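[1] missing the sequence, but the structure's below:
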């Protein structure tokens, strides 16, 4: 969640690739990529994509070479390449296309081979907004930025039935309007209008493509029959006083500086109000939002909106933000005993809505927009309630607005990386949190939603404080939140006083769910030949289990959702008939689908229980067994398997009658063997990038760096640790 940098320039082309010389060759020999390296094949810094070059001898084996670059953009350069051949393109261009020569020189000789990359501008950030809900005839303007200053590249917008499609979407688009300036990133806008008749609630996508056809991004449009109109844009603008929560905000000092100039900035969400035992009210958000990951000082100004929504212009250096509070308390992330990412700001008088109203948390208005409302506190006395598996939860945040998802794991032990700068070039620490809450859902959250209050959609009672997340290989957001009760307890202990949430009577939230394509994505996997062979052999064994009298109606070859890419045997069992089936048959995972004899005979039974509707509640004893196994094994699993970075307790998606250990796996180093169960408890694997709390968003228009005074230079030119108060401090 970042902003601005660069100046204009020019570049030429006409390079020729010579990837082989008879002694060794390099690959790829020729490639076309964009500045964000969309579609590239290796993991770079922070999980970003990068192009991996390899040098191979003609005889056999890897060639020992030195890598070098030439060409590229006259201003931003050719990019970078590591000693191992991992190439990262420049972050922006000043022309429509440049060529980069990647040269490998055989060590101990002058023998070379050269590849040529054509670089085009990619998307600077996701489209704004990333998601929106509209009723019939509703409309919105969507904006996209390309990482190019100058040039003439434009964005091609189209409607589609999928986020990567080219056709099938519902509604209409206006013509695109693009702005090209040498001192700002290329910006294109388009207006979308929903159809006059919406027969059923569902999604359509506004897909945007850049110069390189691989570079694309999309806005998901939830066309709904409830006529609800909801857009994150309302969360990002400067509010009228008193400020409503769920809006953009953060520290007034949250920017990176070099040579007295602001290069970029970051911020998050002002989540909720809490009050102490004597009635003082505080803004609640994350440490990394208000206290800049332990780098804050007591009394630091907290502003609304955050700097990313004001062109990186701090309060006092220009208009566009208001002061809403001062940093008062935070829990030090550097301490191993700290188990929440939380901070408080003492609010300025009349600056924040005293009732704690949160944007869009209330009932629909006549025009379809959602009213603001405080969270519910009547049933818990302001202490919040614990999360339960499959609980529908809502959050109101800066980037994705009001969204809903389901609690997919509890008791989650997770590793999260922190940085001391917005650009995430200076690692601060990787912290392990215990017993956290995981939420899954399309578009549930994104960078900038950190600090959002997580509430039970049924009664708006606080459940957690959102602080980390990412997107898995299925395109589903996996968000992580601190339990609400633990947040209050930890802050209360550190501040020598108790806190409670400010709110009102419990009430339902108009839940906006953008779906969950976990099952669809897993079932779309093309199985490897080895998996196909395994499932066919296991199917012969599984047929011997069929016994309608015992409730087993039939079997079929299928695919696992607990482990995407793995084959499975589907057991079709009679509805309301409990059947004990193993997690494996002949070494192949099993899937249990409750259905009818008629559906099996007609081939109409679903391939996954996730496609059949709401998952049943887990029996208490089943959950308790899984929790015990998790507590016994989590530390060992995380230590023994470097690819694992989180372990929690959830529900099996292959057999919802059983619990599962939910294991988060680095998608760049997936182990060849993944056990189907641990100590009798099924395993469900989520493949994604490792978690970190902020993702750099170059969300700007101006590329001219801003100057800051002496205080700003000292604040952000330092290493993030010197001459700063740290930990839980009070300014009053």
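    Looks like it arrived, so ask away. Because the structure is predicted, anything quoted here is derived from the model rather than measured. Numbering: from 1, shown residues only.
[2] can you give me the helices for the stretch 201-350 of the chain?
    In chain order, the stretch 201-350 of the chain shows helices spanning 233-236, 287-290, with DSSP state H, counting those that start in this stretch as the criterion.
[3] swap in the stretch 551-700 of the chain?
    Remark: helices of the stretch 551-700 of the chain, listed N- to C-terminal, are 597-602, 620-640; assignment by DSSP H, counting those that start in this stretch.
[4] need the ones you listed in JSON lines (columns: mean pLDDT and distance to residue 494).
    For the C-beta atoms, the positions are set from N, CA and C on the backbone; glycine is no exception. Conversion of the helices of the stretch 551-700 of the chain to JSON lines gives the following (pLDDT from 0 to 100; distance: least, CB to CB, whole Å):
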{"stretch": "helix 597-602", "mean pLDDT": "94", "distance to residue 494": "56"}
{"stretch": "helix 620-640", "mean pLDDT": "97", "distance to residue 494": "26"}
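[5] re the thing from before, okay, the helices of the stretch 201-350 of the chain, which one's buried deepest?
    Most buried of the helices of the stretch 201-350 of the chain by mean neighbour count (mean count of other CB atoms under 10 Å) is helix 287-290; its value is a mean of 32.
[6] output the lowest mean pLDDT helix or strand found in this protein.
    Taking all helices and strands of the chain together, the one with the lowest average confidence (mean pLDDT, DSSP states H and E) is helix 710-717, at a mean of 40.
[7] longest strand of this protein, counting residues only.
    Among the segments of the chain that qualify as a strand by DSSP state E, the longest is strand 401-419.
[8] what's it packed up against?
    strand 392-397, strand 427-441, strand 462-471, strand 477-483, helix 620-640, strand 644-651, strand 659-666, strand 691-692 (3 or more CB pairs under 8 Å, 6 or more residues apart in numbering; DSSP states H and E).
[9] 6 Å instead?
    Secondary-structure packing of strand 401-419 (3 or more CB pairs under 6 Å, 6 or more residues apart in numbering; DSSP states H and E): strand 392-397, strand 427-441, helix 620-640, strand 644-651.
[10] okay, those in JSON lines with distance to residue 126 next?
    Rendered in JSON lines, the data for these read as follows (distance: least, CB to CB, whole Å):
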{"stretch": "strand 392-397", "distance to residue 126": "14"}
{"stretch": "strand 427-441", "distance to residue 126": "16"}
{"stretch": "helix 620-640", "distance to residue 126": "31"}
{"stretch": "strand 644-651", "distance to residue 126": "24"}
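[11] wait, which of these is closest to residue 342?
    When the helices and strands packed on strand 401-419 are compared for distance to residue 342 using CB to CB, the nearest one is strand 427-441, at 11.5 Å.
[12] one step back: would a markdown table of the helices of the stretch 201-350 of the chain with mean pLDDT and distance to residue 305 be doable?
    Formatted as a markdown table, the entries for the helices of the stretch 201-350 of the chain read as follows, by pLDDT from 0 to 100; distance: least, CB to CB, whole Å:
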| stretch | mean pLDDT | distance to residue 305 |
| --- | --- | --- |
| helix 233-236 | 94 | 6 |
| helix 287-290 | 96 | 12 |
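[13] okay, those in CSV with distance to residue 248 next?
    Rendered in CSV, the data for those read as follows (distance: least, CB to CB, whole Å):
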stretch, distance to residue 248
helix 233-236, 5
helix 287-290, 10
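[14] quick one: closest of those helices to residue 590.
    Of all the helices of the stretch 201-350 of the chain, the one in closest proximity to residue 590, counting by CB to CB, is helix 287-290 (41.9 Å).
[15] per-domain residue ranges of this structure.
    With automatic domain parsing serving as the domain definition, the record reports that the chain contains domains spanning 24-120, 131-227, 236-514, 520-612, 620-691.
[16] endpoints of the third one, how far apart?
    Its first and final residues considered, domain 236-514 spans 20 Å by CA to CA, to the nearest Å.
[17] and for the first one?
    Its start and end residues considered, domain 24-120 measures 29 Å (CA to CA).
[18] what do you get for the second one?
    This stretch, domain 131-227, spans 16 Å end to end (CA to CA).
[19] pLDDT wise, what is residue 169 at?
    According to the per-residue confidence, residue 169 scores 94 in pLDDT.
[20] please identify the helix or strand for it.
    With elements taken from DSSP states H and E, nothing contains residue 169; it lies in neither a helix nor a strand.
[21] who's the closest residue to it other than its chain neighbours bridged to?
    Distance criterion CB to CB, 6 or more residues apart in numbering; nearest residue to residue 169, sequence neighbours excluded, is residue 159 at 2.8 Å. Note on residue 159: beta-bridge partners residue 206, judged by DSSP bridges.
[22] any idea how far residue 203 is from residue 159?
    Distance of residue 159 to residue 203, given as CB to CB, to the nearest Å: 11 Å.
[23] and residue 468, by the same measure?
    Using CB to CB, which is the criterion applied here, residue 468 is 25 Å from residue 203.
[24] so which of these two has more stuff around it?
    Regarding residue 468 and residue 203, a neighbour count based on other CB atoms under 10 Å identifies residue 468 as having more, with 27 against 21.
[25] beta-bridge partners for the more buried one, please?
    Partner residues in beta bridges with residue 468, using DSSP bridges, are residue 480.
[26] that concludes my questions; thank you for your assistance.
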